[in-house]
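1. Pasted the sequence and its predicted model underneath.
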Amino acid sequence: MEEKFSQFALPTPSEMAKIDQEASKTIPVKQLMENAGWFVARTILRLYKPCKTIVLCGPGNNGGDGYVTARLLAKEGWPVSIAVLASPKKGSDAAWAASQWEGPYVDFSVESVSNASLVIDAVFGAGLSKPIADKIAKVLQAANRIVAIDIPSGIDGRTGEIRGYAPKVEHTITFFRLKPGHLLFPGREYCGKTILGDIGIPDKTLQSVQGNHWQNEPGLWEIPSSDIHDYKYHRGIVSICGGSEMTGAARLAALGARMTGAGLVKIFAPENPDIYRVGDPGLVIESQKLEKLLEDERCKVWICGPGLLPKEVKKILPILIKEGKTVLVDAGVFQKNGIKALKGAAVITPHIGEFKRVFGSIASTRLDAVKEAASKLGSVVVLKGPDTLIASPTGQVAVNHHASSALATAGSGDVLSGIIGALLATKMPPWEAACAGVWLHGEAGRLSNPWPIAENIVKYLGQARENAKYFKISEKYGCSIV
């Protein structure tokens, strides 16, 4: 894993186990456990007033963190008890942590938990891979307020899936790096405010794993900057295929591309170019035949899909792909035969309904499905949603948590196509361009009014680009709330 990207890593539970093992070569696990419990206790002291507290401890290291947390809270005068699901294995680091506890124990039961003002969930960590037992679920259901250590018990830390049952907690306190399950839905909805703590694991331990899951933030990618010698062709040309009926989609894609910084945006409408001529004066409307337009070597990036009818895409897309153009495709125009037709596209941007129409029902998780789709196509797949996933053919996946419900408006997806198209025109690699485009789209939505239309969202794309520069230099170490 490249060190410059390490701050954006989302290690899976299995990768985190290797990282912990690597860290233990220089820092004893007992010390890391002590550090974790200290961070949890300090955070709880900051967030809550003293109250009757029960720490639910499982048999593993997550439970060990719970024992340390209980001891340190009790030292501060808190009324703390521990409820044990199962004792740690003899001789383990968690067993050492348990041996340090001299306070009271209560039954791991609904009655015990329901009488507590605060419950600390240290039952299972992010590595859970099977549904939790009904007994555990009932105990967690009885809790009034919960703080989870690492991740709420019942959430798969790799995929965010719920394993049988998981509580919706007020705060989740995790360490070193966030895991995919903290950002992927539905798990993200259960974590409350997630607090990330530094417990002394060296960053260099990330080199022990070949991680390919990332937080989508500036710094993972860099938008090319403009300078005094720029001219419109250097900034890039974006060509958009315009439909004969739904003209608004192509116009919005064009607006997104222009507001993101494309040097020149053209609309190619083979059926009736005249219907596009009454519009933004900065647009170029092409009336030449496609074969003639493709002779211009400067026109490398094409957007094919927004507002097009399936029959129109079938006429245009194969030609663009055959000519080796960098094509962004709105996959929503395809049905079950879409996989074959889409091969050769640089980027596709389906939402979940469109994704299922093209690739079929999802038998596994969204995370695995998008990775498989990108591998099959040899294309970047942007699976749009509240936790948009951007997958590359080589297995890299960026999870975008920088979004806004303001984007849930007609035409927003067409704007995104234009944004990514403009970044592709700057010669950004497809995966990086898609990641940056999704983030800029989310930032523009965040900056816009609470109930904007797509035409308003684009007004904030310039500011979004500037804001990306600020985020690039901000490093989120120590304690950060997501």
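-> Ah, there it is. Being a predicted model, the structure only gives us computed values, none of them experimental.

2. Who are the contact partners of residue 305?
-> 241, 313, 328-333, 417 (C-beta atoms under 8 Å, 6 or more residues apart in numbering). Quick note: C-beta positions are derived from backbone N, CA and C, even for glycine.

3. Quick one: residues contacting the residue most central in space within the chain.
-> Nearest to the geometric centre of the chain sits residue 399, at 1.8 Å (C-alpha atoms, centre = their mean). Residue 399 sits next to 10, 180, 183-184, 213-216, 387-389 when contact means C-beta under 8 Å, 6+ apart.

4. Which ones among those residues map onto helices?
-> 180, 183 (DSSP state H).

5. Kindly reformat the contacts of residue 399 as a markdown table containing neighbour count and pLDDT.
-> As requested, the contacts of residue 399 are exported to a markdown table (neighbours: other C-beta atoms under 10 Å; pLDDT from 0 to 100):
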| residue | neighbour count | pLDDT |
| --- | --- | --- |
| 10 | 25 | 97 |
| 180 | 27 | 98 |
| 183 | 22 | 97 |
| 184 | 28 | 97 |
| 213 | 25 | 98 |
| 214 | 22 | 97 |
| 215 | 22 | 96 |
| 216 | 26 | 97 |
| 387 | 21 | 96 |
| 388 | 26 | 98 |
| 389 | 25 | 98 |
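
6. Could you pull out the strands in the stretch 351-482 of the chain for me?
-> 380-383, 389-391, 397-399, 480-481 (DSSP state E, counting those that start in this stretch).

7. wait, which of those strands is closest to residue 422?
-> strand 380-383 (14.9 Å; C-beta to C-beta).

8. quick one: strands adjacent to that closest one?
-> strand 347-348 (parallel), strand 389-391 (antiparallel) (DSSP bridges).

9. returning to that earlier point: would you single out the least confident of the strands of the stretch 351-482 of the chain?
-> Of all the strands of the stretch 351-482 of the chain, strand 480-481 carries the lowest average pLDDT, namely a mean of 51.

10. Got the confidence number for the residue sitting furthest away from the middle of the chain?
-> Note on the chain: the largest C-alpha distance from the chain mean falls to residue 102, namely 41.9 Å (C-alpha atoms, centre = their mean). Residue 102 carries a pLDDT value of 97.

11. returning to what we had before: columns distance to residue 39 on top of the strands paired with strand 380-383, output as a markdown table?
-> Formatted as a markdown table, the strands paired with strand 380-383 follow (distance: least, C-beta to C-beta, whole Å):
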| stretch | distance to residue 39 |
| --- | --- |
| strand 347-348 | 40 |
| strand 389-391 | 30 |
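
12. Ok, which of the ones you listed comes nearest residue 201?
-> Closest among those, once you apply C-beta to C-beta, is strand 389-391, at 26.4 Å.

13. Residues touching that closest one, excluding its own?
-> Residues contacting strand 389-391 (C-beta under 8 Å, 6+ apart): 216, 366-367, 370-371, 373-374, 380-383, 397-400, 431, 434-435, 438.

14. Tally up the residues packed near residue 287, please.
-> Residue 287 has 13 neighbouring residues, counting by other C-beta atoms under 10 Å.

15. I'd guessed it sits against residue 273; true?
-> Yes - with contacts counted by C-beta atoms under 8 Å, residue 287 reaches residue 273, the gap being 4.6 Å.

16. before we move on, the earlier item: quick one: which of the contacts of residue 305 sit in helices?
-> 313, 417.

17. On the three-state scheme, the closest residue to residue 195 other than its chain neighbours is what?
-> Distance criterion C-beta to C-beta, 6 or more residues apart in numbering; nearest residue to residue 195, sequence neighbours excluded, is residue 173 at 4.9 Å. Assigned with DSSP: H, G, I helix; E, B strand; the rest coil, residue 173 falls in the strand class.

18. For residue 173, name its beta-bridge partners.
-> residue 149, residue 195.

19. can you tell me which residues contact it?
-> 39-40, 43, 147-150, 194-195, 197.

20. Need those in a markdown table (columns: distance to residue 444).
-> Shown next, in a markdown table, are these (distance: C-beta to C-beta, whole Å):
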| residue | distance to residue 444 |
| --- | --- |
| 39 | 35 |
| 40 | 37 |
| 43 | 33 |
| 147 | 34 |
| 148 | 33 |
| 149 | 36 |
| 150 | 34 |
| 194 | 24 |
| 195 | 28 |
| 197 | 32 |
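
21. Of those residues, which is the nearest to residue 453?
-> Once C-beta to C-beta is applied, the member of these that ends up nearest residue 453 is residue 194, at 32.0 Å.

22. just to revisit the earlier point, just list whatever residues bridge to the residue nearest to the centre of the chain.
-> Beta-bridge partners of residue 399, as defined by DSSP bridges: residue 215, residue 389.

23. Could you report the distance from it to residue 192?
-> 18 Å (C-beta to C-beta, to the nearest Å).

24. any idea how far residue 425 lies from residue 210?
-> For residue 425 relative to residue 210 (C-beta to C-beta), the value is 32 Å.

25. ok, these two, which is more surrounded?
-> A count of neighbours by other C-beta under 10 Å puts residue 425 above the other of residue 425 and residue 210, at 28 against 10.

26. In the chain, what helix or strand scores lowest on average pLDDT?
-> strand 480-481 (a mean of 51; mean pLDDT, DSSP states H and E).

27. Identify each buried residue in stretch 450-469, please.
-> Going by neighbour count (16 or more other C-beta atoms under 10 Å), the buried part of stretch 450-469 is 452, 454, 457-458, 460-461, 464-465, 467-468.

28. With stretch 86-99 instead?
-> Buried residues in stretch 86-99 (16+ other C-beta under 10 Å): 88, 92-98.

29. Check the offset of that stretch from the chain's centre.
-> The chain centre lies 35 Å from the centre of stretch 86-99; the measure is C-alpha atoms, centre = their mean, to the nearest Å.

30. mind saving the C-alpha coords of it as CSV?
-> C-alpha atoms of stretch 86-99 as CSV (Å, rounded to 0.1, in the frame of the first residue of the first chain):
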residue,chain,number,x,y,z
ALA,A,86,-18.1,-15.8,27.6
SER,A,87,-14.8,-15.7,29.4
PRO,A,88,-11.7,-15.0,27.4
LYS,A,89,-9.4,-17.9,26.5
LYS,A,90,-6.8,-18.6,29.3
GLY,A,91,-3.5,-17.0,28.6
SER,A,92,-4.9,-14.5,26.1
ASP,A,93,-4.4,-10.8,26.2
ALA,A,94,-8.2,-10.4,26.8
ALA,A,95,-7.8,-12.8,29.8
TRP,A,96,-5.1,-10.5,31.2
ALA,A,97,-7.4,-7.5,30.8
ALA,A,98,-10.2,-9.4,32.6
SER,A,99,-7.8,-10.2,35.5
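
31. number of nearby residues for residue 113?
-> Residue 113 - counted by other C-beta under 10 Å - has 22 other residues nearby.

32. which ones are touching the residue nearest to it when sequence neighbours are not counted?
-> Excluding its sequence neighbours, the residue lying closest to residue 113 (C-beta to C-beta, 6+ apart) is residue 142, at 4.5 Å. Shown in contact with residue 142 (C-beta under 8 Å, 6+ apart): 110-111, 113-114.
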